[in-house]
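Asks: Provided below are the primary sequence and the corresponding predicted coordinates.
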Amino acid sequence: MLKKYFPLFITGIVILIGLIFYLLTPKEPALPPATPTPSTQTPTITYSGPTIPIPPYLPTYQIIPTDLSLFGQQLATTLNLDPHPQSSSLWTKNEVSLNLIPANHTLAISYFRPLISQPGIDVSAAITAAQQLAVDLGLNNVTLDQENILLTSNVPDYINLSPQDNLPPQSAQRIIIPFHFQLNDIPVYYHHQLQGDMNIILNSQNQPLKISFSPPPSQTSNLGNVPTKSPTLALPNVYLHPEALFVRDTAAPQATLSQFQSLDLSQGGWEYRQDKAGTKIIPYYHFYGNGILTDDTQVAVELIVPAI
């Protein structure tokens, strides 16, 4: 009987030993399926300007953003405005309205006045009027950004305007006066925007047409010093922050980083800005120069990238 089943027994032993060896033998790991990498245009970026006098170490700051809704309610009280019955972010009375814009953490005060087509701006008087408006709103810790004052016609959109678009004072119908909030007497800009933290638009009679601003942080605390990078090491950050590229040229106002062959930056400086999350204030480089688009068009550009 045993002799009859002995060959089957031996066969089972052999199969079992083979299975054990198979399980214990190392195998080449299976490769995941290849994922195609999207091809993107990577422009060459160079800085050829003078040395930027940035300290080797600079402090960074933690901030607690101002409660936009509470700030808006307090400002509405100051302006004697009434809540809008259909919106919790809008207050109005007569020709004045206050609107909260949570997506940008900004407020906008609009004054609905008859259009004044008569040109002629007294820049000095307009600055004085704008500074008094800031004081009246309780925004005392601001500094004038005189270099970026804009003199324009009665155009509705100021987003893509820059000082190169300025009209002569005698031809202008409106003036846009930018201000920046300060931290320890140092101007602080908001993330990657070029406009001021507060922009006051006046007509030729120095009457306010619109005041838009991001309220200053409610609290700040020093996080200590951090080492800064040279422009050569900082510029690659633009690939992580493509929104840092600005085209200041009507030839291609909406061009993105991937549409450039090269960027030649010939001027630069550093400044403090709030980061995108709005929780820190850190040093940034601000570069100016020219870019060559993929169709060989040359345009004026600005780049804003973290300096740490």
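Replies: The structure has been received and is ready for your questions.
Asks: And the strands in the stretch 151-300 of the chain?
Replies: Using DSSP state E, counting those that start in this stretch, the strands of the stretch 151-300 of the chain run over 174-183, 186-190, 198-203, 208-213, 219-227, 245-247, 260-274, 280-293, 298-306.
Asks: Bridging across strands, which residues link to residue 97?
Replies: Counting by DSSP bridges, residue 97 is bridged to residue 92, residue 110.
Asks: I figured it hits residue 87, correct?
Replies: No: Residue 97 lies out of contact with residue 87 (CB atoms under 8 Å); the separation is 10.4 Å. The way it works is simple: take the backbone N, C-alpha and C, and place the C-beta from them, glycine included.
Asks: What ranges in this protein fall below the confidence cut-off?
Replies: 1-41, 155-164, 191-195, 249-251 (pLDDT under 70).
Asks: Do a quick rundown of the helices in the stretch 1-150 of the chain.
Replies: Secondary structure of the stretch 1-150 of the chain (DSSP state H, counting those that start in this stretch): helices at 2-24, 68-78, 123-136.
Asks: got the CA positions of stretch 125-136 in PDB?
Replies: Taking C-alpha atoms only, stretch 125-136 is exported to PDB below (Å, rounded to 0.1, in the frame of the first residue of the first chain):
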ATOM      1  CA  ALA A 125      -3.300 119.000  -4.100                       C
ATOM      2  CA  ALA A 126      -4.500 115.600  -5.000                       C
ATOM      3  CA  ILE A 127      -1.900 113.900  -2.800                       C
ATOM      4  CA  THR A 128      -2.900 116.100   0.100                       C
ATOM      5  CA  ALA A 129      -6.600 115.200  -0.400                       C
ATOM      6  CA  ALA A 130      -5.700 111.500  -0.700                       C
ATOM      7  CA  GLN A 131      -3.600 111.500   2.500                       C
ATOM      8  CA  GLN A 132      -6.500 113.200   4.400                       C
ATOM      9  CA  LEU A 133      -8.900 110.500   3.100                       C
ATOM     10  CA  ALA A 134      -6.600 107.900   4.500                       C
ATOM     11  CA  VAL A 135      -6.600 109.600   7.900                       C
ATOM     12  CA  ASP A 136     -10.400 110.000   7.900                       C
END
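Asks: Save the strands of the stretch 151-300 of the chain as CSV, and put in distance to residue 132 and mean neighbour count too.
Replies: As requested, the strands of the stretch 151-300 of the chain are arranged in CSV below (distance: least, CB to CB, whole Å; neighbours: other CB atoms under 10 Å):
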stretch, distance to residue 132, mean neighbour count
strand 174-183, 12, 22
strand 186-190, 20, 19
strand 198-203, 10, 23
strand 208-213, 10, 19
strand 219-227, 27, 11
strand 245-247, 31, 21
strand 260-274, 26, 18
strand 280-293, 28, 20
strand 298-306, 31, 20
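Asks: will you turn these into JSON lines that also has distance to residue 253?
Replies: What follows is these, written out as JSON lines (distance: least, CB to CB, whole Å):
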{"stretch": "strand 174-183", "distance to residue 253": "17"}
{"stretch": "strand 186-190", "distance to residue 253": "20"}
{"stretch": "strand 198-203", "distance to residue 253": "19"}
{"stretch": "strand 208-213", "distance to residue 253": "20"}
{"stretch": "strand 219-227", "distance to residue 253": "34"}
{"stretch": "strand 245-247", "distance to residue 253": "6"}
{"stretch": "strand 260-274", "distance to residue 253": "14"}
{"stretch": "strand 280-293", "distance to residue 253": "12"}
{"stretch": "strand 298-306", "distance to residue 253": "9"}
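Asks: The ones you listed: which one's closest to residue 121?
Replies: Among the strands of the stretch 151-300 of the chain, strand 174-183 comes nearest to residue 121, with 5.0 Å by CB to CB.
Asks: From the contact counts, what lies against the closest one?
Replies: Counting contacts by 3 or more CB pairs under 8 Å, 6 or more residues apart in numbering; DSSP states H and E, strand 174-183 packs against helix 123-136, strand 142-144, strand 150-152, strand 186-190, strand 198-203.
Asks: CA atoms of that strand as CSV?
Replies: Taking C-alpha atoms only, strand 174-183 is exported to CSV below (Å, rounded to 0.1, in the frame of the first residue of the first chain):
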residue,chain,number,x,y,z
ARG,A,174,-8.2,111.1,-13.0
ILE,A,175,-5.3,110.4,-10.7
ILE,A,176,-4.6,107.1,-9.0
ILE,A,177,-2.6,107.5,-5.8
PRO,A,178,-1.1,104.3,-4.3
PHE,A,179,-0.1,103.8,-0.6
HIS,A,180,1.6,101.0,1.2
PHE,A,181,1.2,99.9,4.8
GLN,A,182,4.4,99.9,6.9
LEU,A,183,6.1,97.5,9.3
